[in-house]
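In: based on what follows, work out the 3D shape:
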Amino acid sequence: MVWDNKGADSGWIEYNDPADPDGDGKPRTFTTSSPPPDPSFECSLDKADWKSVCNDLGSTIDETVYFRNQNAGYDSYKWDFDYDGSFNSTPPHESEVEHTFTKAGTYTVMHQVRDDGLTCQESPTLDIYRQLPEWREIPPT
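Out: Residues are numbered from 1 along each chain as shown. Alright, predicted model coming up:
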């Protein structure tokens, strides 16, 4: 918190980013009237078992994957499922969306949230697998 010279709380906070995004050897610091929005999200295949690490899902081609922001109530939510810079979800105010991947591979899913004029994003990876054929035993002849 930031305090004025009379000891009153200003309602402002200071945020320190431990990363060094511009390579100057110093973390990025800014002060804002509210904390930055948290873009953390969870994934599920059935809307019952939510996982915070989406790569643990074991999703296969043509299987619906559900995504939801862990913090509802932000001004906007955007989702980019193929990491091409174009957001796929509409409307932008949905904190929970679904997507079906049609090809096997590793996908980077970008989730961007905006609140009080601040924007933050998270971009974890998600592996989509090709479903193995059903096993059946063939007796010898």
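In: doesn't N55 fall inside a helix?
Out: Yes - read with DSSP: H, G, I helix; E, B strand; the rest coil, N55 is one of the residues of a helix.
In: isn't it right up against I128?
Out: No - taking CB atoms under 8 Å as the definition, N55 is not a contact partner of I128, at 10.2 Å. The C-beta positions use only the backbone N, C-alpha and C, and glycine is treated the same way.
In: higher neighbour count, those two?
Out: I128 (20 against 14; other CB atoms under 10 Å).
In: quick one: contacts for the more buried one?
Out: S59, T60, I61, F101, K103, A104, G105, T106, Y107 (CB atoms under 8 Å, 6 or more residues apart in numbering).
In: what helix or strand is it located in?
Out: Using DSSP states H and E, the element containing I128 is strand 125-129.
In: what comes up buried for that strand?
Out: By neighbour count on 16 or more other CB atoms under 10 Å, the buried set for strand 125-129 is L126, D127, I128.
In: give the bridge partners for the last one, please.
Out: In this structure, I128 has beta-bridge partners S59, G105, where bridges are defined by DSSP bridges.
In: same check on E96?
Out: According to DSSP bridges, beta-bridge pairing links E96 with R68.
In: tally of neighbours for it?
Out: Per other CB under 10 Å, the neighbour tally for E96 reads 15.
In: I'd guessed it sits against V65; true?
Out: No - counting by CB under 8 Å, E96 does not reach V65; the two are 11.7 Å apart.
In: most neighbours out of the contacts of I128, which is it?
Out: Busiest of the contacts of I128 [other CB under 10 Å] is S59, holding 23 neighbours.
In: residue contacts, it?
Out: Neighbouring residues of S59 by CB under 8 Å, 6+ apart: L45, V65, F101, L126, D127, I128, Y129.
In: turn these into TSV, columns for pLDDT and distance to H111.
Out: Shown next, in TSV, are the contacts of S59 (pLDDT from 0 to 100; distance: CB to CB, whole Å):
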residue	pLDDT	distance to H111
L45	91	18
V65	93	13
F101	93	16
L126	90	11
D127	91	17
I128	91	17
Y129	89	22
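In: want to throw the residues you listed into a markdown table with distance to P39?
Out: Formatted as a markdown table, those follow (distance: CB to CB, whole Å):
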| residue | distance to P39 |
| --- | --- |
| L45 | 21 |
| V65 | 17 |
| F101 | 20 |
| L126 | 15 |
| D127 | 20 |
| I128 | 21 |
| Y129 | 26 |
